[in-house]
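1. I need the structure of the sequence given here:
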Amino acid sequence: MTIRALLLTTLLLAGCATVPATPGTQVAAERLAAAIVPGRTTKAELLAAFGKTKSVVFDSGYEAWLYQSPAGGGRFAEFVVLIDPSGVVAKTRQRAPAAP
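-> Numbers count the residues shown, from 1 in each chain. Prediction:
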């Protein structure tokens, strides 16, 4: 599977989620976007800054982590982080909350 396919699969699975992530993983979108830099931010830095969250580990060694940002009205925006097998962020993707 390519990285793009992995990320797409993760986004599709995340889109099915209707329950907010576990406590401690709701973070302001601006903070996530400013702190996570593909190619530089490490898995250890994510854990230190934001704590554990929902994740999927693929056989290839890649991991996809899902953080949520409150968007008002009980809705959440999603921020997906793809981590490569060496523990460095490969890509990120943001998804706006679904319409009410």
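2. what helix or strand is the spatially most central residue of the chain on?
-> Centroid check for the chain by CA atoms, centre = their mean gives Val80 as the closest residue, at 2.5 Å. Per DSSP states H and E: Val80 is located in strand 76-83.
3. Sheet partners, orientation included, of the next helix or strand after that strand?
-> Downstream of strand 76-83, the next assigned helix or strand under DSSP H and E is strand 89-95. Here strand 89-95 is paired, per DSSP bridges, with strand 76-83 (antiparallel).
4. Leu47 in helix, strand or coil?
-> Three-state assignment for Leu47 (DSSP: H, G, I helix; E, B strand; the rest coil): helix.
5. where does this structure have its least confident helix or strand?
-> When each helix and strand of the chain is scored by mean pLDDT, DSSP states H and E, helix 3-15 comes last, with a mean of 55.
6. I'd guessed Val89 sits against Gly39; true?
-> Yes: taking CB atoms under 8 Å as the definition, Val89 is a contact partner of Gly39 at 7.1 Å. The way it works is simple: take the backbone N, C-alpha and C, and place the C-beta from them, glycine included.
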